[in-house]
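> only geometry, no sequence info:
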Ligand SMILES: [Zn+2]
């Protein structure tokens with residue numbers, strides 16, 4: 001039986017994460033996630049999938065015309081998260097944060113590196129607190 005419910009894409013990386021590209025023309029490149037597009041399952045990574053567009057002069061944004069570099073989104077499954085601690089591309093485990101209380105009211109999950117067990121922190125996480 002086919003499951004007709006459309007699942008939202010799940011992206012394993014967030015904005016601000018450092019990732020390693022594991023396939024495609026930018027393989028082995030590292031970069032920071034600038035933007036996440038969960039509805040498309042894609043992310044924009046700094047310096048990855050940069051294309052050159054030849055444009056005519058188009059004022060006021062591009063009065064000169066010429067070559068413009070643009071970063072296009074790539075599929076999030078093409079990247080692996082890089083752990084800041086062990087400096088390697090790693091898998092991420094989900095773990096209940098130690099400060100979560102048992103009633104489940106302040107349940108918070110943290111991302112943990114599967115290799116060194118260190119929490120993977122993201123500069124954007126602290127903003128929400
Ligand atoms: Zn690690």
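Yep, that arrived. Source: prediction; values computed, not measured.
> what's the single longest strand in this protein?
Using DSSP state E to define each element, the chain has its longest strand at strand 30-37.
> what does that strand rub up against?
11, 13-21, 43-48, 71, 73, 76, 82 (CB atoms under 8 Å, 6 or more residues apart in numbering). Using the backbone N, CA and C atoms, a C-beta is placed for each residue, glycine as well.
> out of those, which are inside strands?
Among those, DSSP E puts 18, 19, 20, 21, 43, 44, 45, 71, 82 in strands.
> What strands flank the longest strand of the chain, and is each parallel or antiparallel?
Strand pairing for strand 30-37, using DSSP bridges, gives strand 18-21 (antiparallel), strand 42-45 (antiparallel).
> Quick one: low-confidence residue ranges for the protein.
1-8, 100-106, 125-129 (pLDDT under 70).
> at 90 what do you get?
Along the chain, segments meeting pLDDT under 90 span 1-12, 39, 53-68, 84, 94-110, 121-129.
> coming back round to it: can you list the buried residues in the longest strand of the chain?
30, 31, 32, 33, 36 (16 or more other CB atoms under 10 Å).
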